[in-house]
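**Student:** need the 3D shape of this:
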Amino acid sequence: MDMSRREFVETLTLAGGGAMRFSGAAMRGDQLSDEILMGKIRRARLSGPSMVTAEATVAEMDAQGNLSVLHQGTNQWICFPGNENVIGDVPMSLDPMGMQWYRDLRARKAKPTNATPGLIFMLCGATQRSYSDPFDTTSPAIPIGPHWMVLWPFDAKAAGLGSVMRDAGTMVMFAGTPWAHLHICGSPWDGNEYHSGDRAVWTMSYARS
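**Tutor:** Modelled structure (predicted):
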């Protein structure tokens, strides 16, 4: 009887310890899932100005264009966290017309269908295959710094703008195609605001002869 009682207690202890270990693993798994989710939400919100991303919906898009909402927002903006392991899948913030343009691009339509200009912010930077062919999937990745886009069919020559990727200033991305748009390097919030009474500080830079 004493032996049976010890065996019973040992068996119960082992079972309990196993249950505790399983419960702890489940808790760690939940915690890890929560950390991954919060990391995605944070990365998505860094992709645009905080005044729009703070109340934006955060979502992920699958290959068919379906959205999985990670956080429901209260304004019309949608932010994607992106996937740093996939070229072209980058953190971005899109307004409704920007979202329409992006869906059309993902669907490989002949041209975008947004009726008015759209906006997309990519203030975390990006990687993509080409600045001339919107559907290039084989060229080496091009690193691109923080930028934002006005999604409207700008004509590079008419606007007097370049059509080659640059690390500052403005160019026309995908020039000569229906997907041409204004690509502006840097943040729209760079620089200082002017207030009455401020003095102007003029700067100069040198150029090669």
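
**Student:** now do the helices in this structure.
**Tutor:** Under the criterion DSSP state H, the chain contains helices at 2-45, 50-53, 96-106, 156-159.

**Student:** and those, which one is worst for confidence?
**Tutor:** Set side by side, those give their lowest mean pLDDT on helix 2-45, at a mean of 63.

**Student:** what's next to stretch 43-50, contact-wise?
**Tutor:** By C-beta atoms under 8 Å, 6 or more residues apart in numbering, the residues outside stretch 43-50 that reach it are 53-54, 56, 58, 70, 77, 79-82, 90-93, 121-124, 148, 187-189. Where C-beta positions appear, they are placed from N, C-alpha and C, glycine not excepted.

**Student:** actually, stretch 161-171.
**Tutor:** Residues from elsewhere that reach stretch 161-171, judged by C-beta under 8 Å, 6+ apart: 131-132, 142, 144-145, 154, 156, 172-173, 175-176, 182-186.

**Student:** pick out the residue nearest the middle of the chain.
**Tutor:** Nearest to the mean C-alpha position of the chain, by C-alpha atoms, centre = their mean, lies Pro91 at 1.2 Å.

**Student:** which residues does that one contact?
**Tutor:** Contact analysis of Pro91 by C-beta under 8 Å, 6+ apart lists Arg43, Ala44, Leu46, Ser47, Cys79, Phe80, Pro81, Gly82, Met122, Cys124.

**Student:** closest to Thr138 out of those?
**Tutor:** If you rank the contacts of Pro91 by distance to Thr138 using C-beta to C-beta, Gly82 comes first, at 20.5 Å.

**Student:** hang on, the closest one packs against Asp89?
**Tutor:** Yes: here Gly82 reaches Asp89: they are 5.1 Å apart, a contact under C-beta atoms under 8 Å.

**Student:** looking at the two, which is more packed in?
**Tutor:** Gly82 (21 against 17; other C-beta atoms under 10 Å).

**Student:** which pLDDT value belongs to the nearest residue to Ser93 once chain neighbours are set aside?
**Tutor:** Nearest residue to Ser93 in three dimensions, chain neighbours excluded: Gly48, at 3.0 Å (C-beta to C-beta, 6 or more residues apart in numbering). Looking at Gly48, its pLDDT reads 97.

**Student:** having no further points to raise, I will conclude here.
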